[in-house]
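Chemist: after the sequence you'll find the predicted model.
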Amino acid sequence: MAEILWGKPCAEVMDEKIKEEVKRLKEKNINPTLSIVRIGENKEAETYLRNIKKVFQKLEIEIEERNYDEKISFEKLMEIYKELKEDKNIHGVLILRPLPPHLEKLSAYALLPEEKDIEGLSYINLGRLFVGEESFIPCTPLAVMELLDYYNISIEGKDVVIIGRSISVGRPLALLFLKRNATVTICHSKTKDLSSYTKRAEILVSAVGKTGIVNGEMIKEGSILIDIGTNMVNGKLVGDIDFEGVKEKAKAITPVPGGVGVITIRALAKNLLEAVKRNEVGN
């Protein structure tokens, strides 16, 4: 029976470290503050937003919300970015995605002020990550690494297969594994014979949002399975991996819900505090 890699114990350890840092900053009259930009109605992001508010309230991190009409122009959004960049009371900026089509087409989130881009999605931060320089790391990939480290799961020299190639999860996660000396393969919707790759993975990550894309016949005996997928099936949240089908064969697996997602918001908070520290150094 696979070990369940619950996210809560890791999140609790992170919470304590974050609270200590927030307390230190407040003693210096610095109130860590996140600005959340919402453009139009964004039902897909509402759950994420509610969870951020809940966790950040517990961590005593301030949140300000800015809401704009979905017809906002690209030029106006750039003005808002400039305003947020210059506001010394704002330490991090999160723009809720997906954006309206006209802004998504222009990859508007990629032009966030890099020093406040705590989701690590600006092209500057992604570029720094690519070349191995210090950068803000996208939150879900960072959460995966926090989880693996918490459970003392070795990465160096391991065969890692990632299903999914998004710029927010699959690609940056591959770079993080490479940095830790793993051998990484990225699979995606056009990959032929997916199981031929997944069967050799010592660590298998699925982040595609497709229920049951990985079953028991597709995994290596004793592998570590990291499920980042979120899918609604009959009103229930489930992952990408057939949990029941793999639990007797895998060594360990993250649950959905209760796995990586629990840690992701803590990763966001960790990046925010890093932004505050960099601002301190800059001043």
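Modeler: Ah, there it is.
Chemist: residues in contact with stretch 141-158?
Modeler: With C-beta atoms under 8 Å, 6 or more residues apart in numbering as the contact definition, stretch 141-158 has outside contacts at 5, 7, 9-10, 13-14, 120, 169, 172-173, 176-177, 180-183, 202-203, 205, 224, 226, 228, 252, 254, 259-261, 263-264, 266-267, 270-271. No exception for glycine: its C-beta is placed from N, CA and C like everyone else's.
Chemist: I meant to write stretch 185-193 there.
Modeler: Under C-beta under 8 Å, 6+ apart, the answer for stretch 185-193 is 159-165, 170-171, 174, 194, 197-198, 201, 208.
Chemist: one more time with 7 Å
Modeler: Stretch 185-193 has contacts (C-beta atoms under 7 Å, 6 or more residues apart in numbering) with 161-165, 170, 174, 194, 197.
Chemist: just the ones of the contacts of stretch 141-158 in strands?
Modeler: Taking DSSP state E, the ones among those that sit in strands are 183, 203, 205, 224, 226, 252.
Chemist: near Pro100, how many other residues are there?
Modeler: Using other C-beta atoms under 10 Å, Pro100 is surrounded by 17 other residues.
Chemist: skip the chain neighbours and tell me the closest residue to it.
Modeler: Once flanking residues are discounted, Pro100 sits nearest to Glu70: 4.6 Å by C-beta to C-beta, 6 or more residues apart in numbering.
Chemist: just the element for that neighbour, please.
Modeler: Using DSSP states H and E, Glu70 sits within no helix or strand.
Chemist: related to what we said a few turns ago, and the contacts of stretch 185-193, which is closest to Lys277?
Modeler: Distance to Lys277 across the contacts of stretch 185-193 (C-beta to C-beta) is lowest for Ala174, with 27.1 Å.
Chemist: hang on, the earlier thing: which pair of the contacts of stretch 185-193 spans the longest distance?
Modeler: Ala174 and Leu194 (16.4 Å).
Chemist: more crowded one of those two?
Modeler: A count of neighbours by other C-beta under 10 Å puts Ala174 above the other of Ala174 and Leu194, at 21 against 16.
Chemist: so what's that one up against?
Modeler: Ala174 neighbours (C-beta under 7 Å, 6+ apart): 162, 184, 186.
Chemist: can we see that at 8 Å?
Modeler: Taking C-beta under 8 Å, 6+ apart as the contact definition, Ala174 lies against 160, 162, 184, 186.
Chemist: if I look at it, how far off is Thr183?
Modeler: 11 Å (C-beta to C-beta, to the nearest Å).
Chemist: equivalent analysis for Ser168, please.
Modeler: Counting by C-beta to C-beta, the gap between Ser168 and Thr183 amounts to 23 Å.
Chemist: those two: who's more crowded?
Modeler: Ser168 (19 against 13).
Chemist: isn't that one right next to Leu129, touching?
Modeler: No. The criterion here is C-beta atoms under 8 Å, and Ser168 misses it with Leu129 at 11.8 Å.
Chemist: out of the contacts of stretch 141-158, which sit inside helices?
Modeler: The members of these that map onto helices under DSSP state H are 9-10, 13-14, 172-173, 176-177, 260-261, 263-264, 266-267, 270-271.
Chemist: farthest pair in the residues you listed?
Modeler: Of all pairs drawn from these, the greatest distance, 24.5 Å, lies between Pro9 and Pro172 (C-beta to C-beta).
Chemist: of these two, who's got more company?
Modeler: Neighbour totals were compared for Pro9 and Pro172, and Pro172 leads with 24 against 13 (other C-beta under 10 Å).
Chemist: who's in contact with that one?
Modeler: Counting by C-beta under 8 Å, 6+ apart, the residues that Pro172 touches are 120, 126, 129, 137-138, 141.
Chemist: buried subset of those?
Modeler: Among these, the ones that count as buried by 16 or more other C-beta atoms under 10 Å are 120, 126, 129, 137-138, 141.
Chemist: can you pull out the strands in the stretch 1-150 of the chain?
Modeler: For the stretch 1-150 of the chain, strands defined by DSSP state E, counting those that start in this stretch occupy the ranges 3-4, 33-39, 62-68, 92-95.
Chemist: what is the mean pLDDT for the last one?
Modeler: Per-residue pLDDT values across strand 92-95 average out to 96.
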